[in-house]
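Chemist: got a sequence here, can you build the structure:
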Amino acid sequence: MKKDIDIRKVEDLVIAIVPRLPGEDDFEDFWDAYIINLKDEPIQSVLVNSTGYGMKEGEMRRTSSLRYFWETIGPLQVEKIESIHKMLFDMASEYWVSFSFENYLYDKKYVFVQGSVDQCNFTEIPFLDRRGVMIR
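Modeler: Here you go, the predicted model:
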């Protein structure tokens, strides 16, 4: 039965989107998405599915769905997921993350809603020593 299923909350995992710094390739047009493991232990079999969607010019549009996999993301470690062109920020960016930790399979959807990737929402991103937008 559904009540017998142990559903655990994802904790200590962050998805962040940060602008590139001057001097980096295409710094004016591209931002980078990262996954950050804030746990003191590694997570295993990490799968991230990314996609974008939203209304544009009166019709619903979607980007391609891309999948990324890491066998292990170590404790307090950052991994770059992908680069995002800034023109896609008028769409929602969704990252669905699944991983194994202590013999349990976790998953969580992180959604950066349309217009949320903006300097007015910046915060300090752990381990990157840069400012950007993050969901914990």
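
Chemist: tell me how far the residue nearest the centre of the chain lies from G58.
Modeler: Centroid-nearest residue in the chain: I15, 3.3 Å away (criterion: C-alpha atoms, centre = their mean). Separation of I15 from G58 (C-beta to C-beta, to the nearest Å): 29 Å. Any C-beta I mention is one placed from the backbone N, CA and C, and that applies to glycine too.

Chemist: what is the helix or strand of the chain with the lowest mean pLDDT packed up against?
Modeler: Least confident element among the helices and strands of the chain, by mean pLDDT, DSSP states H and E: strand 59-62 (a mean of 93). Applying 3 or more C-beta pairs under 8 Å, 6 or more residues apart in numbering; DSSP states H and E, we find strand 59-62 packed against strand 43-56.

Chemist: the strand it packs on pairs with which strands, parallel or anti?
Modeler: Applying DSSP bridges to the sheet, strand 43-56 is found paired with strand 59-62 (antiparallel), strand 66-73 (antiparallel), strand 92-101 (antiparallel).

Chemist: in JSON lines, list these along with distance to E82 and mean neighbour count.
Modeler: Listed next are the strands paired with strand 43-56 as JSON lines, based on distance: least, C-beta to C-beta, whole Å; neighbours: other C-beta atoms under 10 Å:
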{"stretch": "strand 59-62", "distance to E82": "16", "mean neighbour count": "9"}
{"stretch": "strand 66-73", "distance to E82": "7", "mean neighbour count": "14"}
{"stretch": "strand 92-101", "distance to E82": "9", "mean neighbour count": "19"}
